[in-house]
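1. prediction below, plus the sequence it came from.
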Protein chains: 2
Amino acid sequence: MSQTPDSAVHPAPSDAVRAHIAAHRSAFLDDLAAWLRIPSVSAQPERSGDVRRSADWLSEKLTRTGFTTVEVWETDGAPAVFAEWPSGLPDAPTVLVYGHHDVQPAAREDGWHTEPFEPTVIDGRMYGRGAADDKGQVLFHTLGVQAHLAATGRTAPAVNLKLLVEGEEESGSPHFRALVEQHADRLAADLAIVSDTGMWSETTPTVCTGMRGVADCEIDFYGPDQDIHSGSFGGAVPNPATVAGRIVAALHDDTERVAIPGFYDGVTELSEAERALIAELPFDEAAWLTTAKSHGTLGEAGHSTLERVWARPTAEVNGIGGGYQGPGGKTIVPASAHLKLSFRLVAGQDPAHIETAVRGWLAGLVPAGIRYEIAFGAPTRPCLTPLDHPALKAVAGAMSRAFDGAKVRYTREGGSGPAADLQDVLGAPVLFLGISVPSDGWHAPNEKIELDLLMKGVETTAYLWSDLPAALRADAPGA
Amino acid sequence: MSQTPDSAVHPAPSDAVRAHIAAHRSAFLDDLAAWLRIPSVSAQPERSGDVRRSADWLSEKLTRTGFTTVEVWETDGAPAVFAEWPSGLPDAPTVLVYGHHDVQPAAREDGWHTEPFEPTVIDGRMYGRGAADDKGQVLFHTLGVQAHLAATGRTAPAVNLKLLVEGEEESGSPHFRALVEQHADRLAADLAIVSDTGMWSETTPTVCTGMRGVADCEIDFYGPDQDIHSGSFGGAVPNPATVAGRIVAALHDDTERVAIPGFYDGVTELSEAERALIAELPFDEAAWLTTAKSHGTLGEAGHSTLERVWARPTAEVNGIGGGYQGPGGKTIVPASAHLKLSFRLVAGQDPAHIETAVRGWLAGLVPAGIRYEIAFGAPTRPCLTPLDHPALKAVAGAMSRAFDGAKVRYTREGGSGPAADLQDVLGAPVLFLGISVPSDGWHAPNEKIELDLLMKGVETTAYLWSDLPAALRADAPGA
């Protein structure tokens, strides 16, 4: 069943695990569809009731799964769900799984071919907002632990299993760190596993070893007290839309490097070994562009596309607006203009330092006569797993078994999650286990999950909970 | 009655003219209010019926005034109104008065203190969209010619009087040139008088000697086929909102001079004498800023504020938009971004050359991977009256009489109108006669007209039709 050169280092797939998964796949997908129907958009205040319904739905599902403790944890924003299932074994390691139950905004008119909150299966894919980011990847842990029990004959998992599923990840997790600090005792773990990332492709299983952080801000520029006639006054007073454009242009230098002084302070540069691992991946730029739905590459000079999205910090314009945007023309100097910027951060960068740098840079660029306000959201820190951590080998091994012995490679994730807060507060190393693929359309119309891969996620965790105790006791092959 | 040193060169005000105006002021203002209630917004397709109602209302009013021929002229857009009232005198000069009956968009929520289409008189000012731009200034010609007749005892004016009042000026007069070309025989005149400008202030009467032209364009930038995740793809693909910002920044150099190659080709520079006339005006920058509702000046180095708005070409951002502009954040690389730019032009600049220059400049700046589309509206040409034209002296003289002998100075208008098309097609010199003041709020919320100044406009035309025949026969004082 396993044919690649690497298969010898891991046991073969388990027929018992696969039989359990096959028997329960249909009911599992029905459950996922039910959850996806709840539009738990944390960024939209009018959806706060749906975010709560989503938390309640998950609580009920986790209780049905067998978790012995299931609690909805309140925050100053949306609720999180905590669940626990003790192993009962002495010396069992404690694993904390992280995910989120909130989703990005979505509307049919954004370009969806199906209703975003009416999950639809087409050709082995389930389409719906949150299918991959992150409800599908949270939910595979429920069938995964049950398959683990069915195959091992145990009544409780071989690890002390904890789940923390927050409800504000798509809003930048503004209360997550406080939540983790408040419940640090309950969340204590030897290891955190984040299931909110993806892998290289359907045919190249990979484990992610780091996520970028993100800091975002809104800047409002105010010029005239109201829109004024561009004939009467244009050319003689500062125009806030022009200023917004100049700020955008000043974000980067001619080499597409971020030009904000101090922005790169502390950046952990890629080692030559890491660059070589990245260069080994079967990267097809044309295929990547298709996935990116983009028509050209552009980024920091001296770095490959993968390095740019995985390991380099960036400055991005997420939104810009000002003046007249309706049909036809209106010859005005607009009263105001607005920018939404986000900065992806890599290991070694401190969000507080970035905020200070941006504020100082901005202050030096806005001309007299333009008033501005800048507000930062809660940042998400960057995160990086050491390549030599024994748990990383266990995760890769379990994944290789699920993928019939395929060689598992290492990637990073350009997106952001609050993984670094878990590491900071709990002192637990963070690993990533995700089975989403780049074409899944995170944050985009027509988000989907590949159902066969979703089952590989189930299967990987079924093996991992068996293999992890020994792997953590010594750097030995899994049981 | 006239006390200033300059008053000797012009006759005193006419009691007969003033008596006629006083007797008819109230009915005149009722008529203006009735016209302002018609929301003739040419830029909004759903208002096209109102633009037509406005034309019909004016036709009826001109007929009542005594014009012997009144016609609604169709265009490929909104209708214009033409009226004619022959003098009956041999050798009478023919004067064509130009104005427009369409108005800028307006909505209460833009910051209006009264309903924009429910004219309201407060403290001697009538508030309402179009009060100054341009319905009030078109309408003063009706009472003006009647006062001229009442004071002179004539039954027809001393000039062959023609009026052309178009319905698309606020949309850039896209069909005006074709209309003038089509009816060139009917419109033939010795002189065109444009009543769509303003004067220096309530206490400093001035005659405008030129208007800037304007060319405007919309540019759409397209990047990814849809909004994409800035974590997964940010920093490696071109962002259309970033490109839009860079285009905005590239509009000007460090001295605020327009940086588009070829933009200044052919510009008629101010002479030292013209700069001196401008410098003589009682310009108070703080007061000007209050009128501009702005909090600082910024413009082309080497030029004063007045030179910048009157005699220098500009590039202005009227609108910019792209990506997510709703509440909160959305970490995307946006699919598209959009710019609305306008360029004010001065004498010597050719709109066709400007369009070519902008297109070439843009093509050199947009990176691979970003597709763009640019579309220009119909341009309005710049216009300039020679300072030594005898009719200019007649207009200044009539205005001085109306203003009790005050010295009349010369200004220019930073805004744009289709005056240059009249000059081009009809071969008639163009002069400007307007009594609006800078605080009237053209294109802005709370547009208004000063009612006492409106009556000075009436009075000026009453004198002008008497004075003009002699002025044009020789450079002699008016009768």
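-> Received the coordinates, thanks. Keep in mind that what you see is a predicted model, and the values were worked out from it rather than measured.
2. surely residue A:311 meets residue A:270?
-> Yes - Residue A:311 is within contact range of residue A:270, at 5.1 Å (criterion: Cβ atoms under 8 Å). To be clear about C-beta, it is placed using only N, CA and C from the backbone, and glycine gets the same treatment.
3. which residues do those two both contact?
-> residue A:278 (Cβ atoms under 8 Å, 6 or more residues apart in numbering or on different chains).
4. ok, the two, which is more surrounded?
-> Counted by other Cβ atoms under 10 Å in any protein chain shown, residue A:311 and residue A:270 do not tie: residue A:311 has more neighbours, with 24 against 18.
5. got a list of what that one touches?
-> Here residue A:311 is in contact with A:210, A:270, A:274, A:278, A:303, A:346, A:412 (criterion: Cβ under 8 Å, 6+ apart).
6. residue A:358 too?
-> Residue A:358 makes contacts with A:215, A:217, A:260, A:341, A:343, A:374, A:376, as judged by Cβ under 8 Å, 6+ apart.
7. again, only this time at 10 Å
-> Residues in contact with residue A:358 (Cβ atoms under 10 Å, 6 or more residues apart in numbering or on different chains) are A:215, A:217, A:219, A:251, A:260, A:262, A:263, A:315, A:341, A:343, A:374, A:376.
8. indicate the residue of the stretch 301-450 of chain A located nearest to chain B.
-> residue A:369 (2.0 Å; Cβ to the nearest Cβ).
9. which ones are touching that residue?
-> By Cβ under 10 Å, 6+ apart, the residues touching residue A:369 are A:222-224, A:237-240, A:243, B:289, B:292, B:294-298.
10. let's see 8 Å
-> A:223, A:237, A:238, B:294, B:295, B:296, B:297, B:298.
11. buried among those residues? Make that a PyMOL selection.
-> To isolate the buried members of these in PyMOL, using 16 or more other Cβ atoms under 10 Å in any protein chain shown:
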select buried, (chain A and resi 223+237+238) or (chain B and resi 294+295+297+298)
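12. grab the two from the contacts of residue A:369 that are most spread out in space.
-> Within the contacts of residue A:369, two members stand farthest from each other by Cβ to Cβ: A:223 and B:297, at 11.7 Å.
13. mind listing the shared neighbours of the two?
-> With Cβ under 8 Å, 6+ apart as the test, residue A:223 and residue B:297 both reach A:237, A:238, A:369.
14. where do the helices sit along chain A?
-> For chain A, the helices defined by DSSP state H occupy A:15-36, A:48-65, A:135-152, A:176-182, A:184-187, A:230-233, A:240-250, A:272-280, A:285-291, A:305-310, A:351-363, A:390-402, A:419-426, A:451-473.
15. packed most tightly, which of those would that be?
-> Among those, helix A:230-233 has the highest mean neighbour count (mean count of other Cβ atoms under 10 Å in any protein chain shown), at a mean of 28.
16. show me what that one is packed up against.
-> strand A:332-333, helix B:305-310, strand B:314-323, strand B:336-345 (3 or more Cβ pairs under 8 Å, 6 or more residues apart in numbering or on different chains; DSSP states H and E).
17. got the domain ranges for chain A?
-> Domain segmentation of chain A under automatic domain parsing yields A:5-211+A:383-473, A:219-267+A:313-376.
18. still on that earlier bit, quick check on the contacts of residue A:358: which are buried?
-> Judged by 16+ other Cβ under 10 Å, buried ones among the contacts of residue A:358: A:215, A:217, A:219, A:251, A:260, A:263, A:315, A:341, A:343, A:374, A:376.
19. quick one on the thing from earlier: next, format the helices and strands packed on helix A:230-233 as a markdown table and append distance to residue B:437.
-> A markdown table is the format used below for the helices and strands packed on helix A:230-233 (distance: least, Cβ to Cβ, whole Å):
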| stretch | distance to residue B:437 |
| --- | --- |
| strand A:332-333 | 19 |
| helix B:305-310 | 15 |
| strand B:314-323 | 22 |
| strand B:336-345 | 21 |
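20. out of these, which comes closest to residue B:185?
-> strand B:336-345 (29.2 Å).
21. quick check: angle from the closest one to strand A:314-323?
-> Counting by axes from the mean of the first three to the mean of the last three Cα atoms, to 10 degrees, strand B:336-345 points 50 degrees away from the direction of strand A:314-323.
22. strand B:336-345 and chain A, are they touching?
-> Yes - with Cβ under 8 Å from any Cβ of the partner chain as the criterion, chain A is reached by strand B:336-345 at B:337, B:338, B:340, B:342, B:344.
23. neighbour count and pLDDT added to the residues you listed, as TSV?
-> What follows is these, written out as TSV (neighbours: other Cβ atoms under 10 Å in any protein chain shown; pLDDT from 0 to 100):
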residue	neighbour count	pLDDT
B:337	29	98
B:338	20	98
B:340	26	98
B:342	26	97
B:344	30	97
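24. tell me the one of those residues nearest residue A:231?
-> Nearest to residue A:231 among the residues of strand B:336-345 next to chain A is residue B:344, at 6.4 Å by Cβ to Cβ.
25. which one is residue A:341 nearest to, not counting chain neighbours?
-> Spatially, and ignoring its direct neighbours in sequence, residue A:341 is nearest to residue A:217 (5.5 Å; Cβ to Cβ, 6 or more residues apart in numbering or on different chains).
26. oh, that last question was meant for residue A:59, not what I typed.
-> In space, residue A:59 is closest to residue A:70, 5.0 Å off (Cβ to Cβ, 6+ apart).
27. contacts only, for that neighbour.
-> A:59, A:62, A:63, A:81, A:82, A:83, A:84.
28. and with 6 Å instead?
-> A:59, A:62, A:63, A:83 (Cβ atoms under 6 Å, 6 or more residues apart in numbering or on different chains).
29. read off the pLDDT value for it.
-> Residue A:70 carries a pLDDT value of 98.
30. for it, give the beta-bridge partners.
-> Beta-bridge pairing of residue A:70 under DSSP bridges involves residue A:83.
31. how far away is it from chain B?
-> To chain B, residue A:70 is 29 Å away according to Cβ to the nearest Cβ, to the nearest Å.
32. and for the one residue in the stretch 201-350 of chain A that gets nearest to chain B, nearest residue in space, chain neighbours not counted?
-> Per Cβ to the nearest Cβ, residue A:296 is where the stretch 201-350 of chain A lies closest to chain B, at 2.0 Å. Excluding the flanking residues, the one nearest residue A:296 by Cβ to Cβ, 6+ apart is residue B:369, at 2.0 Å.
33. phi, psi for the one you found please.
-> phi 100, psi -10 (degrees, to the nearest 10).
34. tell me the predicted confidence for the residue of chain A most remote from its centre.
-> Residue farthest from the centre of chain A, counting by Cα atoms, centre = their mean, is residue A:232 at 49.8 Å. pLDDT, residue A:232: 88.
35. isn't it right up against residue B:414?
-> Yes - in this structure, residue A:232 is within contact of residue B:414 by Cβ atoms under 6 Å, at 5.2 Å.
36. need the overlap of contacts for those two.
-> Counting by Cβ under 6 Å, 6+ apart, nothing touches both residue A:232 and residue B:414.
37. ok so, going back, can I get the domains of chain A in TSV with distance to residue B:363?
-> As requested, these are exported to TSV (distance: least, Cβ to Cβ, whole Å):
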stretch	distance to residue B:363
domain A:5-211+A:383-473	29
domain A:219-267+A:313-376	18
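38. out of these, which gets nearest to residue B:148?
-> domain A:219-267+A:313-376 (30.6 Å).
39. first-to-last residue distance for that closest one?
-> 9 Å (Cα to Cα, to the nearest Å).
40. with stretch A:427-441 instead?
-> End to end - Cα to Cα - stretch A:427-441 spans 33 Å.
41. stretch A:267-275 now?
-> Start-to-end, stretch A:267-275 (Cα to Cα) is 15 Å.
42. what does stretch A:383-393 give?
-> Span of stretch A:383-393 from end to end, Cα to Cα: 18 Å.
43. please work out which residues outside it touch it.
-> Outside stretch A:383-393, the residues that reach it (Cβ under 6 Å, 6+ apart) are A:191, A:209, A:210, A:211, A:347, A:419, A:420, A:429, A:430, A:431, A:471, A:475.
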